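J.: build the 3D model from these lines:
(2 chains)
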Amino acid sequence: MNSFIYHASQGYHENYRQLIWMLAKMDFKLRYQNSILGYVWAILKPLFMFCVLNFVFSSIFNKRYIVDDHYTLGLLVGLMLFNFFSESSNSGMRSLLNKSSLVLKIFIPRWTIIMASTVHSALIFLFNIFVIIAFLVWYRFLPSFTAVLIFMMFSMLIYLLVLSLSLITAPLFVKFRDVAMIWDVALSVLFYASPVFYPLQMLPEWIQRILLLNPVAFIVHFTKESMFNNHYAEFWQFVVFIASNAIFFLFSVWAYKKLIRNVAENL
Amino acid sequence: MKTDTVISVKNLYKTFRIPHKKIDSMRKAFVNGFSRNTHEEFKALDDVSFEVKKGEFLGIIGRNGSGKSTLLKILAGVYSGDSGEININGRISPFLELGIGFNPELSGRDNVYMNATVLGLSKRDIDQRFDSIVDFSEIKRFIDQQVKNYSSGMKSRLAFSVAIHVNRDILLMDEVLAVGDISFEDKCYGVFKEFKKTGKTVILVTHAMDVVDEFCDRVLILDRSRIVNGGNPEQMVKQYSQMFHLVNS
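T.: Just a heads-up that it's a prediction; the model follows:
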């Protein structure tokens, strides 16, 4: 069988950055249209979640661990990070299907659509960072400079992780809707397997080691540790973590190229 | 490829597999693994070859389901062919049907910006051309309303207006003028004449034989996924209507 050769002497689009930015901006506009509170919802949702968890674990299950300001702030930071991961991986997965009118009628590289969705989620995460700052001011807690740097680096790593995941799940989701159900279950497992509302130290050491294999748990744990306990991951742990994220990203690019081939035909 | 050829298509094949049961979940894929995989193969394009020269107006006519739109989609890069070779020399407008990517929830203004960006214009280019785009579409009063409140004619006016302001060398148009009223149609023909003068290449899929007759330099007839004939518009339109009479009688 002969193969199919498509050669265009000049590309379609030379300004991907602008295209991605425009798609992300329109996503942002669409998401909160026809809602009275608008953008405020981007903040309210994780905030409500935080209030519930904070109430449950500082009032109902009190005495189990020493509940103090650090616990509350740690919960907030962990929750915001996890929320960033879950929301953006979910919308990244659905991005191609939601934008089927674009995929079907026009040629733009499909990764731009996936990437726009992750950029949109990152914008919402930026809003949430302001909430974190507001709480830090309220509790009069000043994290160290290193802790802030680590927080920023981990946020970017979550972004990379979500982008890699979405490059795989978005084309898969077009073909198999089960991916959404599987991811739903996986996210709730990941939530309890990440030290968001409990300190990792309360678990036996061998379980700790297993849990830290989960990248979200690693990020949540060491962000909290660096902010409130002045304790940082070992250098080799950092290196292995970043390297495995990079490898996963390369894998996702490879997988994306395989999966994307007939995506328009399957939509 | 000669230098004045902008599109060359060689031995293009495209087959769609139409499963008898749609497999869109893993359970079905799993169950299906045991039963016989039943699907029909539908040849959408069967050994299609042609060339288009710079500045040419090529019309493609054919009955519904003869493969016209599939051909345009492959030319635009939306679908990929099974085998064959396509060479395109010039900037192709990835513009297929009207209303591409128009989001009903967004305003006309936002949609113009989004659509033009998707078509490759920079923000500054759009700012410059925005008034001209809106003027041409004649819907200035409604530009800040949500597109879901537009009539289908208004939507296609706006989309057509965006597409012609993008300024590409090669335009692909699929049933572009089906919904406009007569005055707007006339305006579009004016644009076509302008295109011809500036040496743009246009591939037009349509059922409007008078348009084919008036504007196309050459016409291809597609029938049952194959190119049955190609040549000057008058003859082709004649042959095409004869094909119809045969089928109908």
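J.: use CA for all of it now, contacts and neighbours both
T.: Noted.
J.: look up how far B:Lys197 lies from B:Arg218.
T.: 17 Å (C-alpha to C-alpha, to the nearest Å).
J.: who's more crowded, these two?
T.: B:Arg218 (20 against 10; other C-alpha atoms under 10 Å in any protein chain shown).
J.: that one bridge partners, please.
T.: B:Leu58 (DSSP bridges).
J.: sort out which residues of stretch A:170-188 are buried, please.
T.: Buried residues in stretch A:170-188, defined by neighbour count with 16 or more other C-alpha atoms under 10 Å in any protein chain shown: A:170-176, A:178-180, A:183, A:187.
J.: and for stretch A:220-239?
T.: With burial defined by 16+ other C-alpha under 10 Å, the residues of stretch A:220-239 counted as buried are A:220-228, A:232.
J.: go through those residues and flag which are in helices.
T.: A:220-224 (DSSP state H).
J.: quick one: the helices in chain B?
T.: Per DSSP H, chain B carries helices over the ranges B:26-34, B:68-76, B:108-118, B:123-137, B:152-165, B:182-197, B:209-215, B:233-248.
J.: show me what counts as buried in the fourth one.
T.: Translated: helix B:123-137. B:126, B:130, B:133-134, B:136-137.
J.: ok, which stretches of chain A are strands?
T.: A:4-8 (DSSP state E).
J.: from B:Ile164, how far off is the residue nearest to B:Arg157 when sequence neighbours are not counted?
T.: Closest residue to B:Arg157 apart from its sequence neighbours, by C-alpha to C-alpha, 6 or more residues apart in numbering or on different chains: B:Ser137 at 5.0 Å. From B:Ser137 across to B:Ile164, the span is 11 Å (C-alpha to C-alpha).
J.: sorry, back to before: check the helices of chain B for me: which has the lowest mean pLDDT.
T.: Looking over the helices of chain B, mean pLDDT reaches its minimum on helix B:26-34, with a mean of 67.
J.: any chance of the buried residues of stretch A:220-239 in CSV, plus distance to chain B?
T.: Formatted as CSV, the buried residues of stretch A:220-239 follow (distance: C-alpha to the nearest C-alpha, whole Å):
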residue, distance to chain B
A:Val220, 33
A:His221, 35
A:Phe222, 37
A:Thr223, 37
A:Lys224, 39
A:Glu225, 41
A:Ser226, 42
A:Met227, 41
A:Phe228, 44
A:Tyr232, 42
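J.: I'd like those as TSV, with pLDDT appended.
T.: Putting these into TSV (pLDDT from 0 to 100) gives the following:
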residue	pLDDT
A:Val220	94
A:His221	93
A:Phe222	94
A:Thr223	94
A:Lys224	92
A:Glu225	91
A:Ser226	92
A:Met227	91
A:Phe228	89
A:Tyr232	86
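J.: contacting residues around the residue nearest to B:Arg157?
T.: By C-alpha atoms under 8 Å, 6 or more residues apart in numbering or on different chains, the residues touching B:Ser137 are B:154, B:157-158, B:160-161.
J.: so which of these comes closest to chain A?
T.: Each of the contacts of B:Ser137 was scored against chain A by C-alpha to the nearest C-alpha, and B:Phe160 proved nearest at 14.3 Å.
J.: against B:Met154, how distant is the closest one?
T.: Counting by C-alpha to C-alpha, the gap from B:Phe160 to B:Met154 is 10 Å.
J.: taking chain B, what residue is nearest to chain A?
T.: For chain B, C-alpha to the nearest C-alpha, closest residue to chain A: B:Ser83, 4.0 Å.
J.: could you find the closest non-adjacent residue to that residue?
T.: A:Phe4 (4.0 Å).
J.: count the residues that sit near that neighbour.
T.: A:Phe4: 17 neighbours (other C-alpha under 10 Å).
J.: for it, name its beta-bridge partners.
T.: For A:Phe4, the beta-bridge partners under DSSP bridges are B:Gly84.
J.: distance of it from B:Gly77?
T.: For A:Phe4, the distance to B:Gly77 (C-alpha to C-alpha) stands at 12 Å.
J.: kindly report the same for A:Ala243.
T.: 35 Å.
J.: show me which of the two is the more surrounded one.
T.: Neighbours per residue, other C-alpha under 10 Å: of A:Ala243 and B:Gly77, the larger number sits with B:Gly77, 22 against 12.
J.: can you count the residues close to the nearest residue to the more buried one once chain neighbours are set aside?
T.: Spatially, and ignoring its direct neighbours in sequence, B:Gly77 is nearest to A:Phe107 (5.6 Å; C-alpha to C-alpha, 6+ apart). Using other C-alpha under 10 Å, A:Phe107 is surrounded by 24 other residues.
J.: next, count neighbours for A:Asn214.
T.: Neighbours around A:Asn214, by other C-alpha under 10 Å: 13.
J.: and the nearest residue to B:Ile143 once chain neighbours are set aside, how far is that from B:Met114?
T.: Nearest non-adjacent residue to B:Ile143, counting by C-alpha to C-alpha, 6+ apart: B:Gly108, 4.7 Å away. B:Gly108 is 10 Å from B:Met114, where distance means C-alpha to C-alpha.
J.: more neighbours: B:Phe160 and B:Met154, which one.
T.: B:Phe160 (23 against 19).
J.: ok, now how distant is that one from B:Ile133?
T.: For B:Phe160, the distance to B:Ile133 - C-alpha to C-alpha - is 9 Å.
J.: next one: A:Leu73
T.: 52 Å.
J.: one more: B:Lys73?
T.: 25 Å.
J.: same thing with B:Thr198?
T.: Relative to B:Ile133, and taking C-alpha to C-alpha, B:Thr198 is found at 19 Å.
J.: for B:Thr201, give me its contacts.
T.: Here B:Thr201 is in contact with B:53-58, B:169-171, B:195 (criterion: C-alpha under 8 Å, 6+ apart).
J.: and for B:Phe195, the neighbour number?
T.: For B:Phe195, using other C-alpha under 10 Å, the count is 20.
J.: wait, I meant B:Lys193
T.: B:Lys193: 12 neighbours (other C-alpha under 10 Å).
J.: swap in B:Asp144?
T.: By other C-alpha under 10 Å, the residues close to B:Asp144 number 14.
J.: same thing with B:Val212?
T.: Neighbour tally, B:Val212, other C-alpha under 10 Å: 25.
J.: likewise for B:Phe244?
T.: B:Phe244, neighbours per other C-alpha under 10 Å, totals 12.
J.: distance of it relative to B:Gly62?
T.: The value you get for B:Phe244 to B:Gly62, if C-alpha to C-alpha is used, is 10 Å.
J.: now do A:Phe191
T.: Counting by C-alpha to C-alpha, the separation of A:Phe191 from B:Gly62 is 56 Å.
J.: more neighbours, these two?
T.: Legend: neighbour count by other C-alpha under 10 Å for A:Phe191 and B:Gly62, higher for B:Gly62 (23 against 18).
J.: excluding its backbone neighbours, what's nearest that one?
T.: With C-alpha to C-alpha, 6+ apart, the residue lying closest to B:Gly62 is B:Leu222, at 4.9 Å.
J.: pretty sure the one you found contacts B:Val237?
T.: No. Look at B:Leu222 against B:Val237 with C-alpha atoms under 8 Å: they stay out of range, at 12.0 Å.
J.: compare those two (neighbour count), which wins?
T.: Legend: neighbour count by other C-alpha under 10 Å for B:Leu222 and B:Val237, higher for B:Leu222 (24 against 20).
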